[in-house]
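In: My questions are about this predicted structure, shown below with the sequence.
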Amino acid sequence: MSRVIGIDLGTTNSCVSVVENDKPVIIPSATGATTTPSIVAFTKNGERLVGEAAARQAVTNPERTIESVKRHMGSEWSARIDGKEYKPQTISAMILMQLKKDAEQFLGEEVTEAVITVPAYFNDIQRQATKDAGRIAGLNVKRIINEPTSAALSYGLNHGEPQKVMVYDLGGGTFDVSIIEIGEGIIEVLATSGNNHLGGDDFDERLVQEIVRRFKEKTRVDLSKDFAAMQRIREAAERAKKELSTSDTTHIMQPFITQVKGEALHLDMVITRQEFEAMISDLIQKTEDPVRNALNDAHISPSQLGRVLLVGGSTRVPAVQRKVREMTGKEPSRNINPDECVAKGAAILGSTLQGRGLVAAGTGQDLLLLDVTPLSLSIETVGGVATRIVQRNTTLPARYSQIFSTAAPYQRNVDIHVLQGERPMARDNKTIGKFRLKGIKPAPAGVPQIEVTFDIDANGILKVSARDLDTGREQSITITADDRMSDMEIQQAMQDAQNYASQDKVRKDAIEMLGEANKLLVRTERCVKNAGKLLDKAVKKQVKADTAKLQKLVAKCRLDRVDENQLAEIRSAKEQLERSAGDILTQYDGGQQ
């Protein structure tokens, strides 16, 4: 049985882990790093780059490089490159395929199953989109788990003593806070809250705006219209943010950032930590309400917290740590790695789902995980009211039913409008699905009894059904919305992903084959020259013909269009030349290979 990997599919970086000898370990990327940049790029010759390779060329190829796609999950956003449209699920699948490939190389076996993490505040459509991305990447997604819950699972494996823990998770693009109770081998999420559009990317953007403003003030040149310059500034801003977590000042220098009337202009400025903290103070302040809401929903005060865990790279910013201390009165715990703990928790859950129970430290008991739904679920009723069926922070899995009736006399059909959110009116919440129950028995208004049932699985994914109790007619949906991919689109994306994988392999094989062919051509030419007049005319003629054929095929081969047939033709021609020139290569190589 192949092992289940745990994947933290992040906004800025992604991470993959697996359980080895009852301990979660991080799987290194192709470059040996513990995380992989969540970046996908397409080169001019059609090659697809993921991770470090994509990040390295972002400055020179900004229009064809896609970053922070997680922020668009479950939306109608798409990127069009070379006439082809890429949805967030497709781009995310490319990142997942790279992580899957790294895991297979690390484990030496095929990987087909994964647990993937999402922000706790992701709604149903965003969770479905993440699951779809996994399918496209060729992974059976065993479970979708909330990121703070996953971090607590990683922490709880080594800290099984009873306690209430706050997980403050500020990543590249999202913020979550969860209150979690650990005790007697059970990890139970009491409450969760957050903001899906708050994170380190926003910190970077404030720095970018300040750099552009200062440069314009100094030179009267607005860099915001220069695509390539802005990409360099974004990279410089991210580096500066990281430096300011450990230093009081950072020196931002970008030579030849732009040209004006043939004269090169250089970007050179110093930003202090104090200035940076002033730029982002309102963003950090935005984390206060979710923290307060989560504590209130869990019915505990900050003094009842045993630990505060910081998760996500953005929690390294000193001002963020100060804010956490101010809100909770506690020194944040430093005994988990903020970049790795989410993936490790997912790997732990994956191992548990395979029946390999992991024991919480100090308890001798297998870990049991109880998660919650982050947002309330409702249906629209008369007057545009959002009538709540499932309250936020309900423990999963959950099943709730409620009886409704018709609003008009002799109504034959009822439209079920499913909503997610906390507002009292339907229009102010997120629509996550609609369906129609047909064939209701005609009766005066208020007489028919229609039972609406909400069924939420352990992934937090929702199925809604409606049943006429008189006729027994039933209609149900697993939520699908306009901005979700259809099954046909997913199948097409899976096919495209397989095509890309095979195309990448052909291209890699072609590079190796062309290298070997060129070496053979050079060596053959040298040996024929060394043999001179000693060479049999018939042999020389055959070798010349075989050489010409291989040279022609090598010259015609283009890496962006090479296919299996062309590769087979080159391989065949190479083998033919090796046969006809075999004796010459042995006798006249002069000891050179």
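Out: Sure thing, it's come through. Numbers count the residues shown, from 1 in each chain.
In: send the alpha carbons of the one helix or strand residue 567 maps to over as PDB?
Out: According to DSSP states H and E, residue 567 maps onto helix 564-580. This file holds the C-alpha atoms of helix 564-580, laid out as PDB (Å, rounded to 0.1, in the frame of the first residue of the first chain):
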ATOM      1  CA  GLU A 564       7.900  10.300 -29.300                       C
ATOM      2  CA  ASN A 565       8.000   9.500 -33.100                       C
ATOM      3  CA  GLN A 566      10.700  12.100 -33.800                       C
ATOM      4  CA  LEU A 567      12.700  10.900 -30.800                       C
ATOM      5  CA  ALA A 568      12.500   7.300 -31.900                       C
ATOM      6  CA  GLU A 569      13.700   8.300 -35.400                       C
ATOM      7  CA  ILE A 570      16.800  10.100 -33.900                       C
ATOM      8  CA  ARG A 571      17.400   7.100 -31.600                       C
ATOM      9  CA  SER A 572      17.200   4.700 -34.600                       C
ATOM     10  CA  ALA A 573      19.600   6.900 -36.700                       C
ATOM     11  CA  LYS A 574      22.100   7.100 -33.800                       C
ATOM     12  CA  GLU A 575      22.100   3.300 -33.400                       C
ATOM     13  CA  GLN A 576      22.600   2.900 -37.100                       C
ATOM     14  CA  LEU A 577      25.600   5.200 -37.100                       C
ATOM     15  CA  GLU A 578      27.000   3.400 -34.000                       C
ATOM     16  CA  ARG A 579      26.800   0.100 -36.000                       C
ATOM     17  CA  SER A 580      28.300   1.300 -39.200                       C
END
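In: I'd like the numbering to begin with 368 instead of 1 from here.
Out: Noted, 368 is the first residue going forward, which turns the last one into helix 931-947.
In: Quick check: mean pLDDT of the helix or strand following that helix?
Out: Next helix or strand after helix 931-947 toward the C-terminus (DSSP H and E): helix 949-954. In this model, helix 949-954 carries a mean pLDDT of 85.
In: Show me what helix 949-954 packs onto, helices and strands only.
Out: Helices and strands touching helix 949-954, by 3 or more C-beta pairs under 8 Å, 6 or more residues apart in numbering; DSSP states H and E, are helix 854-898, helix 904-923. No exception for glycine: its C-beta is placed from N, CA and C like everyone else's.
In: chain center to stretch 452-464: distance?
Out: Stretch 452-464 has its C-alpha centroid displaced from the chain centroid by 9 Å (C-alpha atoms, centre = their mean, to the nearest Å).
In: May I see the buried residues of that stretch?
Out: Judged by neighbour count (16 or more other C-beta atoms under 10 Å), stretch 452-464 contains these buried residues: 453, 454, 455, 456, 457, 458, 459, 460, 461, 462, 463, 464.
In: In helices, which of the residues you listed appear?
Out: Among the buried residues of stretch 452-464, the ones falling in helices (DSSP state H) are 455, 456, 457, 458, 459, 460, 461, 462, 463, 464.
In: need the contact list for the residue nearest to residue 885 when sequence neighbours are not counted.
Out: Spatial nearest neighbour of residue 885, chain neighbours left out: residue 921 (6.6 Å); criterion: C-beta to C-beta, 6 or more residues apart in numbering. When contacts are counted by C-beta atoms under 8 Å, 6 or more residues apart in numbering, residue 921 touches 881, 884, 885, 888, 937.
In: And for residue 832?
Out: By C-beta under 8 Å, 6+ apart, residue 832 lies in contact with 819, 820, 822, 841, 842, 843, 844.
In: Does the fourth one touch residue 834 like I think?
Out: Going back to what we said before, that points to residue 841. Yes: the pair residue 841 and residue 834 passes the contact test of C-beta atoms under 8 Å, sitting 4.2 Å apart.
In: who touches both of these two?
Out: residue 804.
In: any weak-confidence spans in the stretch 768-917 of the chain?
Out: For the stretch 768-917 of the chain, residues meeting the criterion pLDDT under 70 lie at 844-871.
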